[in-house]
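[1] Quick one: sequence plus predicted model below, questions after.
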Amino acid sequence: MRPVFAMPGAREFIVLAAAVMSVNAVAVDTLLPALAEVGAAVNAGEDNRRQWLITAYLIGFGVSQLVYGTLSDHYGRKPLMLLGLSLYAAFAGLSVLATDFGTAVALRVLQGCGGGVSVLALSIIRDRHSGEEMVRVMSLAFMLFLGVPIFAPSLGHAILAVSSWQWVFAAIALFGAALLPWVALRLPETLPPERRMPLSPRTVARAIGCVLRQRDSLGYTLASTALVGALFGIVTSGQQLFANVFRAPEVFPMVFGTVATCVALAALLNGRVVGRLGARRTSHLALMGYLLVACIHGAVAWSGMERPWIFTALQSTLMFCFGLMLANFGSLAMARLAHIAGTASAVQSLVINVGGALIGIFIGQRFDGTAVPMTLGSIACGCAALAMVLMAERGRLFQPLAATPLPARAAG
């Protein structure tokens, strides 16, 4: 009989990593169908104001990642993971008791601070695996993770069909609570003491400086921020569009799942495409496709021809392009920062998620009973992403990886 504290087998380890990665999708996507009910219960006021229940979580999630990443390099992964999951479950559970809007938003920020621990899922994979095996394990975990956004809205809708909005928060809390004993009993510490880093604010400051000084790092980080902002704009106001305009709130989970499936398919296809075209050409072509589809959708929305099936088709295509861009943009942003990869990726993630959340709520707050603000937001964010990519590439798109200028050490 295997000891309880033995390192989990390969399959269990992958499922555990994917489950930790999924806490944010569960916290956000499960709540989407219940936004109207929660907003009414906590006296959110106007419909657009309830979008802050999503944005508040995303801000807490984005800010906390840098803290978890930095502290876990010094104290180890497991204590931080247990702390984050405890905060996540506790504040999701307390949200059941919220009776006013300010309290509900504050609890969502704190829950997001717990959910930021999901960043450590990638760290524990890096600790245990390297090289091609690490890529394989990450890919398998990511494939499992991508299934959560597809089914989470349907779970929220199903809970509402038989119970109240409080049970949606209860389900989120139970998910986090179920992960706690699993991590506590089945995941040994993956970062041995000899590999731990000293706790140094100078390291964080150095990473921030590198991210800001490196043209490609800054450009692709800001491009990703713009695109994630467009995505969050769709997420925050999509439920209102189907409930208030299309009068079909029951269709929203299926539509959201379809769109999420397209992102997953793009992520699965990306490896093969990048192998042939390279990360730059793949992501730059996807960006052109994104802008084209966003403009078509904007024209449709402006003309008043928007219908649920048109929205689904165009947003699915848009998100397919998004899926081909984001992972590649992340790789290109990290290309010159391998020497500080952990801290630099946490800094970039903070910028992308907090900046994206603020852009998303700005777009969402423009909701006027049509899809026009949402589509204009996608167009504007796509144009901003193109401008940032052009800055990173010095005005030249579709260049192969070999065209990248040499690092300063080799040049000098």
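    That came through, no problem.
[2] ok, how many other residues are close to the closest residue to Ala294 other than its chain neighbours?
    Leaving aside its chain neighbours, Ala294 sits nearest to Ser378 (4.2 Å; criterion: C-beta to C-beta, 6 or more residues apart in numbering). Just so you know, the C-beta spots here come from the backbone N, C-alpha and C atoms, and that holds for glycine as well. Number of residues near Ser378 (other C-beta atoms under 10 Å) recorded here: 29.
[3] Okay, Ser378 and Leu180: tell me how far apart.
    38 Å (C-beta to C-beta, to the nearest Å).
[4] Check Val211 too.
    Going from Val211 to Leu180 by C-beta to C-beta gives 33 Å.
[5] same thing with Cys381?
    Per C-beta to C-beta, Cys381 is found 37 Å from Leu180.
[6] More neighbours: which of the two?
    Cys381 (27 against 15).
[7] Quick check: that one touching Phe362?
    No: look at Cys381 against Phe362 with C-beta atoms under 8 Å: they stay out of range, at 10.3 Å.
[8] list the residues that contact both of those two?
    Between them, Cys381 and Phe362 share these contacting residues under C-beta atoms under 8 Å, 6 or more residues apart in numbering: 229, 233.
[9] Check what pLDDT the closest residue to Ala384 other than its chain neighbours gets.
    In space, and not counting its chain neighbours, Ala384 is closest to Ala226: 4.2 Å by C-beta to C-beta, 6+ apart. pLDDT recorded at Ala226 is 96.
[10] which secondary structure element contains Ala226?
    Per DSSP states H and E, Ala226 falls inside helix 215-240.
[11] What helices and strands are in contact with whichever helix or strand comes after that helix?
    Following helix 215-240 in sequence order, the next helix or strand is helix 252-277 (DSSP H and E). If contacts are counted by 3 or more C-beta pairs under 8 Å, 6 or more residues apart in numbering; DSSP states H and E, helix 252-277 sits against helix 131-162, helix 215-240, helix 279-303, helix 308-334.
[12] Quickly, which of those bottoms out on average pLDDT?
    helix 131-162 (a mean of 81).
[13] So which bits of that helix are buried?
    Neighbour-count burial for helix 131-162, counted by 16 or more other C-beta atoms under 10 Å, picks out 137-138, 140-142, 145-157, 159-160.
[14] Leu53 touches Leu31, doesn't it?
    Yes: using C-beta under 8 Å, Leu53 makes contact with Leu31 at a distance of 6.8 Å.
[15] intersection of neighbour lists for those two?
    By C-beta under 8 Å, 6+ apart, the residues touching both Leu53 and Leu31 are Val38.
[16] Pretty sure Ala267 sits against Gly323.
    Yes: in this structure Ala267 lies within contact range of Gly323 using C-beta under 8 Å: 5.0 Å.
[17] Output the lowest mean pLDDT helix or strand found in this structure.
    helix 408-411 (a mean of 36; mean pLDDT, DSSP states H and E).
[18] pLDDT weak spots in the stretch 51-200 of the chain?
    Low-confidence segments of the stretch 51-200 of the chain, defined by pLDDT under 70: 131-132, 135, 139.
[19] So which residues of it form helices?
    52-75, 77-94, 101-115, 120-128, 131-162, 166-186 (DSSP state H, counting those that start in this stretch).
[20] if we look at the last one, which residues are touching it?
    Right, helix 166-186. 4-5, 8, 12, 16, 19-20, 23, 26-27, 30-31, 34, 38, 78, 81-82, 85-86, 88-90, 92-93, 95-96, 111, 114, 155-156, 159-160.
[21] going on from that helix, what's the next piece of helix or strand?
    helix 201-213.
[22] then that following helix to PDB, C-alphas only?
    Only the C-alpha atoms of helix 201-213 are listed here, as PDB (Å, rounded to 0.1, in the frame of the first residue of the first chain):
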ATOM      1  CA  PRO A 201      12.700  43.000  -3.100                       C
ATOM      2  CA  ARG A 202      15.700  43.800  -5.400                       C
ATOM      3  CA  THR A 203      14.900  40.700  -7.500                       C
ATOM      4  CA  VAL A 204      11.300  41.800  -8.000                       C
ATOM      5  CA  ALA A 205      12.500  45.300  -8.800                       C
ATOM      6  CA  ARG A 206      15.000  43.900 -11.300                       C
ATOM      7  CA  ALA A 207      12.300  41.800 -13.000                       C
ATOM      8  CA  ILE A 208      10.000  44.800 -13.300                       C
ATOM      9  CA  GLY A 209      12.900  46.800 -14.800                       C
ATOM     10  CA  CYS A 210      13.700  44.100 -17.300                       C
ATOM     11  CA  VAL A 211      10.000  43.800 -18.300                       C
ATOM     12  CA  LEU A 212       9.800  47.600 -18.900                       C
ATOM     13  CA  ARG A 213      13.200  47.900 -20.600                       C
END
